[in-house]
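Asks: Show me how the following folds:
(2 chains)
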Amino acid sequence: MITQLLTHVLGRLPIGWLQLTHNRTRLLAALAGVAFANILIFAQLGFLGAITESTKYPYRLLNADILIYSPDTETFAEAGTVPRQRMYQALAIPGVEDARPIYIGPLTWDYAVGRIGERFDGSSTIRIVAADPGGGAFSSSISSSDLQRLRLGDTALADRKTRGMPVKLVGRIDSGRPHEFEANGRTLTIEKLFDLGAGFDADGYMVVSDQTFFRLFPTRTQGAPNYILVTVKPGTNKAVVAARLRQVLSPDDTVVETLRSAAQKDEAYQTTEKPIGVIFGFGVAIGVVVGIIIVYQVLSTDVADHLSEYATFKAIGYPQKFFLGIVFEQSLLLAFLGFIPGLIISLLLYALIGAATGLPISMPFSRPFLVFAGTVAMCALSGYIATRRLASANPADLF
Amino acid sequence: MTNVIQAKQQDVTICRQPAVSVADHPIYVRGLNHSFGQGEARKQVLFDIDLDIERGQLVILMGASGSGKTTLLTLLGCLRRVEAGSVQLLGKELHDASEELLVASRRSLGFIFQAHNLHESLTAMQNVRMGVEVHGRDALRNWKAACRHMLSLLGLEDRLDYLPANLSGGQKQRVAVARALVGNPEIVFADEPTAALDKDSGHQVVDILRRLGRERSTTTLMVTHDNRILDLADRIITLEDGRVVSDKRR
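Replies: Model (predicted):
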């Protein structure tokens, strides 16, 4: 049936297809190879996508149009400090509505240190994000009634999607039973949960009041926040205000970026400068190389095995482009037939990795098309290299 | 008037023997030389071959191995470039011909090799179809009927959808003959087509070649060592050390 369809499409016998299906073992090996290369590429792209996606998460917590931060800040989780002085300078700039400091610190959440009732195992690496609960520093992703609870000292809100957080514990807090645990020599109470997501730098985020933050981190001071969040007056252009801020604030100790461009810079740093991003990018390249080698190996062996048949066809009077057509027909078939299982397995793999790590690993609509186009290009390139062997099919040698 | 012209032509024929014209002779060779290798290693294998073959004949080319008969066959079959001398194949000069002309000329020829050279992934019908497909899409319109007819002429009507692996040696060679003949070639070149066959099937294959050649006035040039089929030839040419040493017509 496929033979007839291809005969109709190509206007000739689909010799490439018939040759491929004649040797089932080789075809299966070839398809497994293409699928493997696809899975490799999809997995690496998935991780790269997860970095990109999860880098945006902490910025979603913030209610800000413009961020002021230190020049040594490359990424949210490891932000340097900036003098609070700059906040007062910023407030004097026309177009600025308000400015607030936020403080970020690392914390290990040890689930085994629960005080009452059931005990849990394991721990998570948490980024604490702190600000004045009434100051409007947080976005609507945290409800204001929950924020009000933070006015009480040593209380916290935790991320429901924190990697490693026991499912039972989530249920307990959701059912209205606050969870107490010890960290940095203090007892913290998780009052409520919010929705964000885990990333590569942290297993999750936790929100506390600035007062609680200074008790948890006695070495940190009010005068040195990690970010200054600036909101602009309604109807004012953020970029214009950011430019004004840049004129006033010294570039020696401050960077001024809109929220979006700060997130983009963070993303670029994570994917192209941090080793983890570079590794995944490199993995994509390896996947492509593996695919090219496998397909080339299969196609060139196939050409070598059929040299005498090709020489016969040459003698009959078929031109060179006929043979190129056969090899390209094969490479496109391999690309197409290998891509389908590759995509299906990748989707399963995404679901597995997502469930196991809590990373936002998902298949955007455009990615399969991109990878398929890449697979076709990869197979065509392999086919092109393999056709060089055709030159040794000399019909005069048949006699 | 016509008679006069014919009479004149006959006169000419009588005066200059052997007087031949390219039009009657699908193969017309003058002063063909051929060498292999370069410099010191250069070795000449064909010397001053003059050869004319009439339309519709079955010509057998004989000679010891190394006598140059295969080289001659590949030169006439457009599989090798003619470097010295003149070969007019179906009225076209092959001396220094372009690759395109050689490929195009091959489409008017049929080839039967010592080995059947069938494509292992194609059925008998599909293998024969390859002989039709080379003539383009228009030729494919009635390919099924043409291929089936050709295969049944060769006694393979109940083997149409068999892969080569499931055919006997004689059957495979007959499929190869069908592939060579299905495109109605003007000339068929055959290189020891009976070498792999027993006496009966060998005789049968050559007999079919001769019969179809008569019906369609196809010229056949066959290299063979096989004495069992010599009785079917119209003409036997013997080569020795690159020269024609005998040319017997029957």
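
Asks: Could you check the helix ranked longest in chain B and say which residues are buried?
Replies: As assigned by DSSP state H, the longest helix anywhere in chain B is helix B:199-216. Buried residues in helix B:199-216, counting neighbours by 16 or more other CB atoms under 10 Å in any protein chain shown, are found at B:201, B:202, B:203, B:204, B:205, B:206, B:208, B:209, B:210, B:212, B:213. Where C-beta positions appear, they are placed from N, C-alpha and C, glycine not excepted.

Asks: got it, and stretch A:173-184?
Replies: Result for stretch A:173-184 [16+ other CB under 10 Å]: buried residues A:173, A:179, A:181, A:183.

Asks: got a pLDDT number for the last one?
Replies: Spelled out, that is residue A:183. Among the per-residue scores, residue A:183 holds a pLDDT of 87.

Asks: Likewise for the second one?
Replies: At residue A:179, the model reports a pLDDT of 88.

Asks: before we move on, back to that, dump the buried residues of helix B:199-216 to CSV, plus pLDDT and distance to residue A:214.
Replies: As requested, the buried residues of helix B:199-216 are arranged in CSV below (pLDDT from 0 to 100; distance: CB to CB, whole Å):
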residue, pLDDT, distance to residue A:214
B:201, 76, 102
B:202, 80, 104
B:203, 82, 108
B:204, 80, 105
B:205, 80, 101
B:206, 85, 105
B:208, 82, 103
B:209, 83, 103
B:210, 85, 108
B:212, 79, 103
B:213, 81, 106
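
Asks: Return the subset of the buried residues of stretch A:173-184 lying in strands.
Replies: Within those, residues falling in strands by DSSP state E are A:179, A:181, A:183.

Asks: between those residues, which is closest to chain B?
Replies: Checking those against chain B by CB to the nearest CB gives residue A:179 as the nearest, at 67.7 Å.

Asks: what sits opposite that closest one in the beta ladder?
Replies: Residue A:179 has these beta-bridge partners by DSSP bridges: residue A:190.

Asks: for it, what are its contacts?
Replies: By CB atoms under 8 Å, 6 or more residues apart in numbering or on different chains, the residues touching residue A:179 are A:114, A:169, A:172, A:173, A:189, A:190.

Asks: correct me, but residue A:225 touches residue A:79?
Replies: No. Under the criterion of CB atoms under 8 Å, residue A:225 is not in contact with residue A:79, lying 9.2 Å apart.

Asks: Please say which of the two ends up with more neighbours.
Replies: residue A:225 (27 against 22; other CB atoms under 10 Å in any protein chain shown).

Asks: and the closest residue to the more buried one other than its chain neighbours, what does it touch?
Replies: Leaving out its chain neighbours, the residue that sits closest to residue A:225 by CB to CB, 6 or more residues apart in numbering or on different chains is residue A:101, at 3.3 Å. Each residue near residue A:101 by CB under 8 Å, 6+ apart is listed here: A:84, A:87, A:131, A:210, A:222, A:225, A:227, A:228, A:229.

Asks: try 6 Å this time
Replies: A:84, A:87, A:225, A:228 (CB atoms under 6 Å, 6 or more residues apart in numbering or on different chains).

Asks: cool, residue B:80 as well?
Replies: Residue B:80 touches A:396, B:74, counting by CB under 6 Å, 6+ apart.

Asks: So it, which state does it fall into?
Replies: coil (DSSP: H, G, I helix; E, B strand; the rest coil).

Asks: re the thing from before, residues in contact with the longest helix of chain B?
Replies: B:58, B:170, B:173, B:177, B:181, B:194, B:220, B:228, B:229, B:232.

Asks: swap the cut-off to 7 Å and go again
Replies: B:56, B:58, B:154, B:170, B:173-174, B:177, B:181, B:184, B:188, B:193-194, B:197, B:218, B:220, B:226, B:228-229, B:232 (CB atoms under 7 Å, 6 or more residues apart in numbering or on different chains).

Asks: How about stretch A:273-283?
Replies: A:40, A:44, A:47, A:48, A:51, A:200, A:270, A:271, A:272.

Asks: how near is the first one to chain B?
Replies: The one in question is residue A:40. 31 Å (CB to the nearest CB, to the nearest Å).

Asks: per-residue confidence at residue B:32?
Replies: Taking residue B:32 on its own, its pLDDT is 83.

Asks: Repeat that for residue B:20.
Replies: At residue B:20, pLDDT is 54.

Asks: same check, this time on residue B:15
Replies: 39.

Asks: chain center to the helix or strand of chain A with the lowest mean pLDDT: distance?
Replies: Least confident element among the helices and strands of chain A, by mean pLDDT, DSSP states H and E: helix A:2-10 (a mean of 75). Taking CA atoms, centre = their mean, to the nearest Å, one finds the center of helix A:2-10 at 41 Å from the center of the full chain.

Asks: Can you tell me which residues in chain A are near chain B?
Replies: A:11-13, A:18-19, A:22, A:308-309, A:312-313, A:315-319, A:395-396, A:398-399 (CB under 7 Å from any CB of the partner chain).

Asks: Distance check, the spatially most central residue of chain B against chain A.
Replies: The C-alpha lying nearest the average C-alpha coordinate of chain B belongs to residue B:189 (CA atoms, centre = their mean; 1.9 Å). Here residue B:189 is placed at a distance of 9 Å from chain A (CB to the nearest CB).

Asks: What residues does that residue make contact with?
Replies: Counted by CB under 7 Å, 6+ apart, residue B:189 has contacts B:73, B:76, B:77, B:109, B:111, B:221.

Asks: returning to what we had before: got CSV for the contacts of residue A:101, with secondary structure and pLDDT too?
Replies: Output for the contacts of residue A:101, formatted as CSV (DSSP: H, G, I helix; E, B strand; the rest coil; pLDDT from 0 to 100):
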residue, secondary structure, pLDDT
A:84, coil, 92
A:87, helix, 93
A:225, coil, 94
A:228, strand, 94
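
Asks: Now flag whichever of those is closest to residue A:139.
Replies: residue A:228 (15.9 Å; CB to CB).

Asks: pLDDT value on the residue lying closest to the closest one once chain neighbours are set aside, please?
Replies: Spatial nearest neighbour of residue A:228, excluding adjacent residues (CB to CB, 6+ apart): residue A:68 at 4.0 Å. At residue A:68, the pLDDT value in this model is 93.

Asks: who does residue A:68 bridge with?
Replies: residue A:228, residue A:256.

Asks: where's residue B:169 relative to chain A, distance?
Replies: For residue B:169 relative to chain A (CB to the nearest CB), the value is 16 Å.

Asks: residues contacting that residue?
Replies: B:196, B:197.

Asks: what's it sitting at in phi/psi?
Replies: Backbone torsions of residue B:169, given as degrees, to the nearest 10, read phi -60, psi -40.

Asks: Just the pLDDT for it.
Replies: So, for residue B:169, pLDDT stands at 82.

Asks: Could you do residue A:338 as well?
Replies: So, for residue A:338, pLDDT stands at 91.

Asks: Report the secondary structure element holding the closest residue to it other than its chain neighbours.
Replies: Nearest non-adjacent residue to residue A:338, counting by CB to CB, 6+ apart: residue A:34, 2.5 Å away. Applying DSSP states H and E as the criterion places residue A:34 in helix A:24-60.

Asks: What is that helix packed up against?
Replies: helix A:259-272, helix A:275-305, helix A:320-357, helix A:366-386 (3 or more CB pairs under 7 Å, 6 or more residues apart in numbering or on different chains; DSSP states H and E).

Asks: quick one: buried residues of that helix?
Replies: Applying 16+ other CB under 10 Å to helix A:24-60 flags A:26-27, A:30-31, A:33-60 as buried.

Asks: now do stretch A:239-257
Replies: Under 16+ other CB under 10 Å, the buried positions of stretch A:239-257 are A:241, A:242, A:244, A:245, A:249, A:253, A:254, A:255, A:256, A:257.

Asks: Next, the contact list for residue 68, please.
Replies: Chain wasn't specified; assuming chain A. A:82, A:86, A:90, A:228, A:230, A:245, A:249, A:254, A:256.

Asks: try again with chain B
Replies: Contacts of residue B:68 (CB under 7 Å, 6+ apart): B:45, B:46, B:239, B:242.

Asks: Appreciated, that's everything.
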